[in-house]
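1. how would this look folded up:
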Amino acid sequence: MSRGGYGRLSAGDARRRSGQSRAGRAVYRVVWALAFALAKAFFRLRVKDRDNFPAGPFILAPVHRSFIDTPIAALITPRRMRFMGKETLWGNRPLGGFLTLLGGFPVERGTADRTALRAAADVLALGEPLVMFPEGTRREGDRLRREDMHDGPAFVAARAGVPIVPVGFGGTVRALPLGSRIPRPVRVTAVVGNPIPPPARTGSRLPRRAVSELTDRLFAELSALHAEARALAGDDQTP
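-> Residues are numbered from 1 along each chain as shown. Okay, the predicted model is just below:
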């Protein structure tokens, strides 16, 4: 059994969810190093408290204010981060292969949330880190709102028995404002929070209250990290 009580993945499921051969891992390291060097030069990317990343599987839970948040999330650690993507994107084999190389995995659009959550749990069962935006989609404004927070990351973390790592971003809105297609060379900062442990479980039951309380804690810590990252990036100053 996996850590969170899910059944052991079959070899076929593992290959489908991971999709990274030894050669693929080598290619990813090269692509990541080049992309990180580019982000370091163009955005003066700074990652604060990188040592907070745990060694095993975890859920990376970043704030979401810009469309470049996703690639920045992939660059704040050399480990391959996993992302959900629409299954239709894998209809194009070259594109699907590239997305898989970068850490994407397909989830059928229009299916129940349970299907997506199980796919997420499968990835964590492979020992890989997974990115889940707690706000669900890109939001506007300097501050987070509790009503925008979804319980999905907390639910998956609790079921899988893995920690959540909150991450605040600063500068990403100025780097790619709403409506812009070309990024601007402004400072971008990521602040990595301390891992939030999953709640203790009693038997096979996972109380809804425990999930909600985990989301409450994630909201509080993510709000503080977002404010710190914005201050370090100089978001209140003229670029």
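
2. Contacts only, for residue 172.
-> Residue 172 sits next to 65, 66, 68, 69, 72, 188 when contact means C-beta atoms under 8 Å, 6 or more residues apart in numbering. Bear in mind the C-beta positions are built from the backbone N, C-alpha and C, glycine included.

3. For those, pick the one with the most neighbours.
-> residue 188 (30 neighbours; other C-beta atoms under 10 Å).

4. Tell me which other helices or strands the lengthiest strand in the chain touches.
-> When the chain is parsed with DSSP state E, its longest strand is strand 164-170. Counting contacts by 3 or more C-beta pairs under 8 Å, 6 or more residues apart in numbering; DSSP states H and E, strand 164-170 packs against strand 59-62, helix 69-75, helix 152-160, strand 189-192, helix 208-233.

5. what's the most buried one of these?
-> Comparing the helices and strands packed on strand 164-170 by mean neighbour count (mean count of other C-beta atoms under 10 Å), strand 59-62 comes out on top with a mean of 27.

6. Outside of it itself, which residues are in contact with it?
-> Residues from elsewhere that reach strand 59-62 (C-beta under 8 Å, 6+ apart): 69, 72-73, 81, 124, 129-134, 153, 156-157, 162-169, 190, 218, 222.

7. before we move on, what about stretch 197-215?
-> 5, 134, 149-151, 153-155, 157-164, 196.

8. Could you do stretch 103-119 as well?
-> With C-beta under 8 Å, 6+ apart as the criterion, stretch 103-119 contacts 6, 16-17, 19, 28, 74, 80-90, 96, 123, 152, 155-156, 159.

9. how about residue 106, secondary structure?
-> strand (DSSP: H, G, I helix; E, B strand; the rest coil).

10. Give me the nearest residue to it, chain neighbours excluded.
-> Leaving aside its sequence neighbours, residue 106 sits nearest to residue 87 (C-beta to C-beta, 6 or more residues apart in numbering; 4.0 Å).

11. how many neighbours does that neighbour have?
-> As a burial measure, residue 87 scores 15 neighbours (other C-beta under 10 Å).
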